[in-house]
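>>> sequence first, then the predicted structure:
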Amino acid sequence: MHEYEIKLLAYLREHGNATLEDIRNSLSLGNDQIVWAIESLAERNAIRVERTKQVECILSDEGKECLKEFPEERFIKAVAKKGRLSVKECSDGIGFIWAKKNGWILIDDGFVVLSEKGNEMLSNGNYGYRELLNALSNANTADIDSILSKAGQDADTLSKKRKLFEIKSYNGIKSVAMTDIGMKLSSSDSNIDGISTLTRDIIANGWWKGKMFRPYNVDAPSVKVYPARLHPVHEFINNIRDIWLRMGFIEGTGPIIDSAFWDFDVLFSPQDHPTREMQDTFFLSNPKDIDIDDIELLSKVRRMHKKAWSRTWSEKLAKQALLRTHTTVVSAHYMQKLAGMKNMQYPMKIFSIGKVFRNESLDYKHLAELYQYDGIIVGEGIGLSHLIYTLKEFYAQLGMKVRIKPAYFPFVEPGLEVHYFDKKLNDWIELCGGGVIRDEITGALGIKKNVLAWGGGLDRLMFNKLEIKTLSELYRNEIDWLRSRKNMW
């Protein structure tokens, strides 16, 4: 047996049974050492353990700081010191918000001043939230439930809204008593320190001979360890990347900032299309324009638009700088590169993953910025059936059954959409759009082969992999959620 177990059994042999507090006060061992010895002996039925529910209040890092002073208390002190504070000077957003909620401040012509309640708070210094937090941090198991019951909504505010603490329940050790097996162990010659870790030196020197090996109790309590983990979005991107690579694709990349020429014009989108307006696209003021160096391509695209849309075409509009609205713009750049390369082996398969930006109305499946995946297959004798097979194969590797239906997109003909039915949301989620790139586009870019293309929102794919209700949950910075979430793969 280990020396900790020997000491514990010797103590119990003398006292019969004891509480955890008695053992702590009597043995020169740390709490973790005592708990380990108890659990190890209990595993061998050498002692009986009486357990009781334990409740503990765990403060977050922010909660520990608030024990001395809350942000709103610090904020009103700063206001009082200056007499009034310009709203523009209010760098402490949390302090400002909670001071306003508490009615401690007033906004007067762009300046923050203390209200009557705020002055009263400064004079007496008794802040209920701080007193509650201090009480919980110092309370034992018997008192915590009572404090929470009396605090009511205030406790919910501090724990759920402000994330200052959390209550954890577990089965603690109340008392222990020796069994007959324990009595035999304590009086036998088996009080030999067992080997817990088999090291190289123990093996090389033969120290293990004649020694006992201590059993490893996997149920013994231990300190929680939080190893470094990727954010779920990056973890998912890496797995999507791996699927495309396994399917024989190569990865392409491109700039987030591009011109309307590449984002819209090259892809056959007319210059008066609604998606090009400010409410759908984020245009930049610096740089405002991006020059188009390829004069020949510029002329081809101008002729393509005039022939197809019978309207004037503005080079000025084409030069507008913007945040790309889709990753298809990356595919467009690669199509031009392939057109200029000789002795290429076809079919050529390229995919890209990156952020795109759209001025969307926010809801549970739409955000203003999101990740998108895009791909093209360039070759001869390929058509829509090859694209459908590729997309079904991709989604099958994600464990998803999809439906495909005809759809219209300016840069493909024919076009299609891929949908997935989410049972939890009871809704069909559009995953991807694609089709065969129009001859007008391939002709302008100089490609004399068929091009299959598709693009979809990566974020939506995660609905069935993570237990989330809205896309915005993917980008919340809640440490507990990031630590405790299940792996997607």
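Looks like it arrived, so ask away.
>>> point out where the stretch 251-400 of the chain drops to low pLDDT.
278-279, 360-366 (pLDDT under 70).
>>> what are the ranges of the helices in it?
Here the stretch 251-400 of the chain has its helices, by DSSP state H, counting those that start in this stretch, at 260, 295-309, 315-318, 328-339, 384-396.
>>> list the buried ones in the longest one?
For helix 295-309, burial by neighbour count (16 or more other C-beta atoms under 10 Å) applies to 297-298, 300-302, 304-305. From N, CA and C alone the C-beta is placed, and that goes for glycine too.
>>> alpha carbons of it, as PDB, please.
Only the C-alpha atoms of helix 295-309 are listed here, as PDB (Å, rounded to 0.1, in the frame of the first residue of the first chain):
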ATOM      1  CA  ILE A 295      -6.900  45.600 -70.800                       C
ATOM      2  CA  GLU A 296      -7.700  42.700 -73.100                       C
ATOM      3  CA  LEU A 297      -9.900  41.000 -70.400                       C
ATOM      4  CA  LEU A 298     -11.500  44.400 -69.600                       C
ATOM      5  CA  SER A 299     -12.500  44.700 -73.300                       C
ATOM      6  CA  LYS A 300     -13.900  41.200 -73.400                       C
ATOM      7  CA  VAL A 301     -16.000  41.700 -70.300                       C
ATOM      8  CA  ARG A 302     -17.300  45.100 -71.600                       C
ATOM      9  CA  ARG A 303     -18.400  43.400 -74.900                       C
ATOM     10  CA  MET A 304     -19.900  40.500 -72.900                       C
ATOM     11  CA  HIS A 305     -22.100  42.800 -70.900                       C
ATOM     12  CA  LYS A 306     -23.200  45.000 -73.800                       C
ATOM     13  CA  LYS A 307     -24.100  42.000 -75.900                       C
ATOM     14  CA  ALA A 308     -26.000  40.200 -73.000                       C
ATOM     15  CA  TRP A 309     -27.700  43.100 -71.300                       C
END
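>>> next, the angle helix 328-339 makes with that helix.
Put simply, helix 295-309 runs at 120 degrees to helix 328-339, going by axes from the mean of the first three to the mean of the last three C-alpha atoms, to 10 degrees.
>>> adding distance to K209, write the buried residues of helix 295-309 out as JSON lines.
Supplementary listing: those in JSON lines, determined by distance: C-beta to C-beta, whole Å:
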{"residue": "L297", "distance to K209": "80"}
{"residue": "L298", "distance to K209": "84"}
{"residue": "K300", "distance to K209": "84"}
{"residue": "V301", "distance to K209": "83"}
{"residue": "R302", "distance to K209": "88"}
{"residue": "M304", "distance to K209": "85"}
{"residue": "H305", "distance to K209": "87"}
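>>> which stretches of the stretch 101-250 of the chain form helices?
Using DSSP H, counting those that start in this stretch, the helices of the stretch 101-250 of the chain run over 116-124, 128-138, 141-151, 153-156, 180-187, 200-205, 232-246.
>>> list the buried residues in the last one.
Read that as helix 232-246. Buried-residue list, helix 232-246, by 16+ other C-beta under 10 Å: 232, 235-237, 240-241, 243-244.
>>> if we can go back for a sec, can you put the helices of the stretch 101-250 of the chain in TSV and add distance to L284 and mean pLDDT?
Converted to TSV, the helices of the stretch 101-250 of the chain look like this (distance: least, C-beta to C-beta, whole Å; pLDDT from 0 to 100):
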stretch	distance to L284	mean pLDDT
helix 116-124	43	90
helix 128-138	44	88
helix 141-151	50	81
helix 153-156	44	87
helix 180-187	76	83
helix 200-205	61	83
helix 232-246	25	92
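>>> could I get the ones you listed as JSON lines with distance to A339?
What follows is these, written out as JSON lines (distance: least, C-beta to C-beta, whole Å):
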{"stretch": "helix 116-124", "distance to A339": "69"}
{"stretch": "helix 128-138", "distance to A339": "66"}
{"stretch": "helix 141-151", "distance to A339": "69"}
{"stretch": "helix 153-156", "distance to A339": "62"}
{"stretch": "helix 180-187", "distance to A339": "82"}
{"stretch": "helix 200-205", "distance to A339": "61"}
{"stretch": "helix 232-246", "distance to A339": "22"}
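>>> between those helices, which gets nearest to E21?
In terms of C-beta to C-beta, the element of the helices of the stretch 101-250 of the chain nearest to E21 is helix 141-151, at 12.6 Å.
>>> re the thing from before, out of the helices of the stretch 101-250 of the chain, which gets nearest to K392?
Ranking these by distance to K392, with C-beta to C-beta as the measure, places helix 232-246 first at 12.8 Å.
>>> identify the residues contacting the closest residue to V356 other than its chain neighbours.
In this structure, V356 finds its nearest non-sequential neighbour in Q372, 4.7 Å apart by C-beta to C-beta, 6 or more residues apart in numbering. By C-beta atoms under 8 Å, 6 or more residues apart in numbering, the contact set of Q372 is 326-327, 353-356, 455-458.
>>> out of the residues you listed, which is nearest to S222?
The closest of the contacts of Q372 to S222 turns out to be L458 (C-beta to C-beta; 36.9 Å).
>>> now the closest one: how far from Y475?
From L458 over to Y475 the distance is 13 Å, taken as C-beta to C-beta, to the nearest Å.
>>> looking at those two, which one has more neighbours?
The residue with more neighbours, out of L458 and Y475, is L458; 21 against 13, by other C-beta atoms under 10 Å.
>>> that one reaches L367, doesn't it?
No - checked against C-beta atoms under 8 Å, the pair L458 and L367 is beyond contact range at 11.5 Å.
>>> return the member of the buried residues of helix 232-246 nearest to P255.
Using C-beta to C-beta, I237 comes nearest to P255 of the buried residues of helix 232-246, at 18.2 Å.
>>> these two touch, right, that closest one and S352?
No - assessed by C-beta under 8 Å, I237 is found out of contact with S352, at 11.4 Å.
>>> residues of stretch 102-120 that come out buried?
Quick answer for stretch 102-120 (16+ other C-beta under 10 Å): 102, 104-105, 111-115, 118.
>>> could you dump those to TSV with distance to D22?
Output for these, formatted as TSV (distance: C-beta to C-beta, whole Å):
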residue	distance to D22
N102	46
W104	49
I105	53
F111	62
V112	57
V113	59
L114	54
S115	54
G118	51
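>>> and of the residues you listed, the nearest to D219?
Of all those, N102 has the smallest distance to D219: 46.9 Å, by C-beta to C-beta.
>>> so what's the closest one up against?
Taking C-beta under 8 Å, 6+ apart, we find N102 in contact with 72, 117-118, 121.
>>> if we use 10 Å, what do you get?
Contact analysis of N102 by C-beta atoms under 10 Å, 6 or more residues apart in numbering lists 70, 72-73, 76, 115, 117-118, 121, 127-129.
>>> do L106 as well
84, 100, 112-118.
>>> between the residues you listed, which is nearest G206?
Closest to G206, out of all of the contacts of L106 and judged by C-beta to C-beta, is K100, at 73.3 Å.
>>> tell me how far W481 lies from Y170.
Distance, W481 to Y170, using C-beta to C-beta: 20 Å.
>>> the more surrounded of these two?
Higher neighbour count among W481 and Y170: W481, with 13 against 10, using other C-beta under 10 Å.
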